[in-house]
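Participant: below are the sequence and a predicted model; questions follow.
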Amino acid sequence: MRSTVVGSYPVELKEATGFKDKLLKSVGAYDPFKESIKQAVFSQLDAGVDIISDGQVRGDMVSSFSKFIPGFKIEDGNTYIVSKIRNPTGEISVKDLLYAKKLIKEYYNGNIPEGKGIKGIITGPSTIIHSSRITSFYKNKDDAIIDLAHSLKKEVDAIEKKVKPVYIQVDEPFLSTGMVNMKVAREAIEILHDGLTIPLAMHVCGTLEGAYKDIANFDVDILDFEFAGNNVNLDLLEKNIKLFEGKKIGFGCIDSAKNEVDSKDVTQELISKGVDIIGKDNILLDPDCGLRRAPMDVAFKKLKLMNDIKDSY
């Protein structure tokens, strides 16, 4: 049984202090997020997480991608679709992922243990489009979703080729809202998955009632759901486990909506139920969602609790 994270981690930006950093800042080359990535990576590893993220420290899940993709405009914190969506202007997350992977190697003195590694994460096309406002070119969101899937495919392929992660995760929280055309959303995921030689995961938060039958048919290897803050999902999973045969389940067992450390007994009981339903070989423990909003010490303790329980199996 292994553990992972959904993605985001608390961010503490560091001011340039050393001579080199101050020099870089003076010429506009200082990266204040680099230290945040390091803090996120080392915190996850210290907590015992097996498959880590780069912390997703650079911003919200929509603008972090849309600002690199022609066809989008960001204004006053909102994302607008202003023209045809085209390929990204460059690689979006590869540089941070490579740095995070280098930090993992540094943490383990040059030899990353088997079962440890990093995953690439992108925000899914349906979620980005449904979080944006169309102002021109597109008459409907479905066409924009497919164009964005082809655009994001460039990033997915770059992550696989250059980072060589354990797997790639697509975040699609909107799929549980009832607002999305599931046929189009599934086609978009198939575009992202085409030709991949590593597993593809899809994270969907929220209550799955009304959506789980469609989601179970998506062309992914791993489906990641929340269970700590959502008792409905556990009941749905138990009653419909046959629908998910052939897929691993990312099992959200830490309540990311609460900025306090979870109860050990409650978490242990939840994980035990998950193992009984899914089996140790098909379960990936993680929080329900990202931990960006939690205080740094609370986020760490949440992950440590999850992994201490994992290590007891």
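Facilitator: Yep, that arrived. Just so it is clear, the model here is predicted, and its values are computed rather than measured.
Participant: direction included, what does the lengthiest strand in the chain pair against?
Facilitator: Longest strand in the chain, counting residues (DSSP state E): strand 248-254. Paired neighbours of strand 248-254 in the sheet (DSSP bridges): strand 222-226 (parallel), strand 283-287 (parallel).
Participant: for that strand, which outside residues touch it?
Facilitator: Counting by C-beta atoms under 8 Å, 6 or more residues apart in numbering, strand 248-254 makes contact with 4, 6, 199, 201, 203, 205, 221-230, 237, 262, 267, 270-271, 274, 278, 282-289, 302-303, 305-306, all of which sit outside it. Placement of C-beta: from N, CA and C, glycine included.
Participant: restricted to helices, list those.
Facilitator: L237, T267, L270, I271, G274, I278, K302, L303, L305, M306 (DSSP state H).
Participant: export those residues as CSV, with columns for neighbour count and pLDDT.
Facilitator: Below are these laid out as CSV (neighbours: other C-beta atoms under 10 Å; pLDDT from 0 to 100):
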residue, neighbour count, pLDDT
L237, 22, 95
T267, 21, 97
L270, 23, 97
I271, 23, 97
G274, 23, 96
I278, 20, 96
K302, 26, 98
L303, 27, 98
L305, 20, 98
M306, 27, 98
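Participant: so for the longest strand of the chain, mean pLDDT?
Facilitator: On average, the pLDDT along strand 248-254 is 98.
Participant: how close does P88 sit to L236?
Facilitator: 36 Å (C-beta to C-beta, to the nearest Å).
Participant: which one's more surrounded, the two?
Facilitator: More crowded of P88 and L236, by other C-beta atoms under 10 Å: L236, with 21 against 18.
Participant: residues contacting that one?
Facilitator: L208, E209, Y212.
Participant: which pLDDT value belongs to the second one?
Facilitator: Confidence per residue is given as pLDDT, and for E209 that number is 92.
Participant: same deal with D21?
Facilitator: Looking at D21, its pLDDT reads 55.
Participant: please apply the same query to S151.
Facilitator: On the pLDDT scale, S151 gets 98.
Participant: what's the local residue count around it?
Facilitator: 22.
Participant: pLDDT below threshold where in the chain?
Facilitator: 13-30 (pLDDT under 70).
Participant: and the strands in it?
Facilitator: Ranges of strands within the chain are 2-3, 51-52, 72-75, 78-81, 117-118, 120-123, 133-134, 168-171, 200-203, 222-226, 248-254, 283-287, based on DSSP E.
Participant: okay, those in a markdown table with distance to V11 next?
Facilitator: A markdown table is the format used below for the strands of the chain (distance: least, C-beta to C-beta, whole Å):
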| stretch | distance to V11 |
| --- | --- |
| strand 2-3 | 22 |
| strand 51-52 | 16 |
| strand 72-75 | 19 |
| strand 78-81 | 20 |
| strand 117-118 | 18 |
| strand 120-123 | 16 |
| strand 133-134 | 27 |
| strand 168-171 | 18 |
| strand 200-203 | 20 |
| strand 222-226 | 22 |
| strand 248-254 | 19 |
| strand 283-287 | 16 |
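Participant: quick check: which of the ones you listed is nearest to K38?
Facilitator: Nearest to K38 among the strands of the chain is strand 51-52; the distance by C-beta to C-beta comes to 11.9 Å.
Participant: make a markdown table from the strands paired with strand 248-254 and add mean neighbour count and distance to A144 to it.
Facilitator: Output for these, formatted as a markdown table (neighbours: other C-beta atoms under 10 Å; distance: least, C-beta to C-beta, whole Å):
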| stretch | mean neighbour count | distance to A144 |
| --- | --- | --- |
| strand 222-226 | 24 | 25 |
| strand 283-287 | 26 | 30 |
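Participant: for those, which one sits closest to F137?
Facilitator: Nearest of the strands paired with strand 248-254 (C-beta to C-beta): strand 222-226, 32.5 Å.
Participant: residues in contact with the closest one?
Facilitator: Contacts for strand 222-226 (C-beta under 8 Å, 6+ apart): 6, 167, 169, 199-206, 208, 215-216, 233, 237, 244, 247-252, 256, 284, 286, 288-289.
Participant: from those residues, which would you call buried?
Facilitator: Taking 16 or more other C-beta atoms under 10 Å as the criterion, what is buried in those is 6, 167, 169, 199-206, 208, 215-216, 233, 237, 244, 247-252, 256, 284, 286, 288-289.
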